[in-house]
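Novice: Got a sequence here, can you model it:
(one chain, ligands or ions: 1)
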Amino acid sequence: MATLGIPSNTVAVLQKHQFQFQKKYGQNFLIDSNVLQKIVDAAQIDKEDCVLEIGPGIGTMTQYLAEQAGKVIAVEIDKNLIPILKDTLSAYDNVTLLCGDILKTDIQGLCDTYNEGKPLKVVANLPYYITTPIIMGLFESGVPLSSITIMVQKEVADRMRVGPGTKDYGALSLAVQYYAKPEIVAQVSPDCFIPKPNVGSAVIKLTRYETPPVSVKDEKRMFSLIRAAFNQRRKTLVNALSNAGMEQITKEKVQDALEQMGLSVSIRGEALTLDRFAELSDRLWS
Ligand code: SAM
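Specialist: As a prediction, the model looks like this:
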């Protein structure tokens, strides 16, 4: 049975091992069993599943995951947490603990070794300082994943699910929505962590599409277009794209494409839907 997720037990483990929090690793450990259960329920894990947990901390969520999943692979960067994890996870024989940086981990290799190349489920209370590179890396790597259920800063969860015309809409929204269906599972108060973060958090589930909701000839080019559009989001799309140094893209070419699409040449990227970015990309590199 999971023993962590209760403040007094977490404090006891931290004291027993004289653990010192490392701010640079975004360490805020969950101490609320309701939130933990919500995350695990939302991830819909059963004994057929192999779960990749990023940043297990002292193993609080890992215990919940290990009870429901067939297998858990937990990747933790902080070597000082490894002896603690060995202690808190000693009752579970279905957990593989790895010490390393998730951004440098061969996730495809883990998938092949531990799950016969079948899709993994990712579950994590993410270190907030690298949320975006982790999510983008997971999607862009092409590693088979069926879903990603993660705790992130509330504002980042909002960015992932909004559409055009809102201040939070940007490259992250479009990338997430190209690869997955986003769904907020819970709002989480700073009181649910030790130490308390300065911001509110939210749990978001990203369910991977088998086929993206829009079709585009060259996905990589579309994303370079999207990044260029939002790097200079105050500029018109024509100026932002023609200044970005992208191959074959001139001011006239962007203007022509927008006119053919029935859009104003003074439109900004933040007004375009994913569909429209796909169409623009196909027209610019046809
Ligand atoms: N899962 C634990 C929990 O919910 O209590 C801890 C979550 S804490 C927000 C983030 C964890 O990710 C920390 O344990 C931190 O050391 C770890 N971490 C930070 N950067 C990492 C990286 N690049 N790769 C793997 N783990 C990382």
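
Novice: Now tell me which helix or strand of the chain has the poorest mean pLDDT.
Specialist: Ranked by mean pLDDT, DSSP states H and E, the weakest helix or strand in the chain is helix 131-140, scoring a mean of 89.

Novice: buried set for it?
Specialist: 131-132, 134-136, 138-139 (16 or more other CB atoms under 10 Å). For every residue, glycine as well, the C-beta is placed using N, CA and C.

Novice: and if you look at stretch 268-281?
Specialist: Buried, per 16+ other CB under 10 Å, within stretch 268-281: 268-270, 272, 274, 276-281.

Novice: which of those sit farthest apart?
Specialist: Using CB to CB, the buried residues of stretch 268-281 span at most 17.6 Å, a distance reached by 268 and 278.

Novice: Next up, the contacts around the closest residue to the ligand within the stretch 51-200 of the chain.
Specialist: Taking CB to the nearest ligand atom, the ligand has its nearest neighbour within the stretch 51-200 of the chain at residue 55, 2.0 Å off. Contact analysis of residue 55 by CB atoms under 8 Å, 6 or more residues apart in numbering lists 25-26, 75-77, 102, 124-127.

Novice: Next, give phi and psi for residue 204.
Specialist: Phi and psi for residue 204, reported as degrees, to the nearest 10, are phi -130, psi 140.

Novice: right, and out of the buried residues of stretch 268-281, which lies closest to residue 149?
Specialist: residue 274 (22.4 Å).

Novice: ok, now which ones touch that closest one?
Specialist: By CB under 8 Å, 6+ apart, the contact set of residue 274 is 174, 177-178, 213-214.

Novice: What pairs with the strand or helix carrying residue 149, parallel or antiparallel?
Specialist: Per DSSP states H and E: residue 149 is located in strand 145-153. When pairing is defined by DSSP bridges, strand 145-153 lines up against strand 120-125 (parallel), strand 201-208 (antiparallel).

Novice: Sort out which residues of the last one are buried, please.
Specialist: It refers to strand 201-208. 201-206, 208.

Novice: roughly how far is the helix or strand where residue 65 lies from the heart of the chain?
Specialist: Following DSSP H and E, one finds residue 65 within helix 60-68. Put simply, helix 60-68 sits 20 Å off its chain's centre (CA atoms, centre = their mean, to the nearest Å).

Novice: okay, the angle between it and strand 145-153?
Specialist: Helix 60-68 runs at 150 degrees relative to strand 145-153, counting by axes from the mean of the first three to the mean of the last three CA atoms, to 10 degrees.

Novice: Just after helix 60-68, pick out the following helix or strand.
Specialist: Taking DSSP H and E, what comes next after helix 60-68 is strand 71-76.

Novice: For that following strand, which strands pair with it and how are they oriented?
Specialist: Checking strand 71-76 against DSSP bridges gives partners strand 50-54 (parallel), strand 95-99 (parallel).

Novice: residues making contact with the helix holding residue 65?
Specialist: With contact meaning CB under 8 Å, 6+ apart, helix 60-68 is reached by 1-5, 10, 29-31, 36-37, 39-40, 45-47, 49, 51, 53, 56, 72, 74, 85, 88-89, 92, 94-95, 123-125.

Novice: Output the strands paired with strand 145-153 in JSON lines; the columns should cover distance to residue 65 and mean pLDDT.
Specialist: Output for the strands paired with strand 145-153, formatted as JSON lines (distance: least, CB to CB, whole Å; pLDDT from 0 to 100):
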{"stretch": "strand 120-125", "distance to residue 65": "6", "mean pLDDT": "96"}
{"stretch": "strand 201-208", "distance to residue 65": "14", "mean pLDDT": "96"}
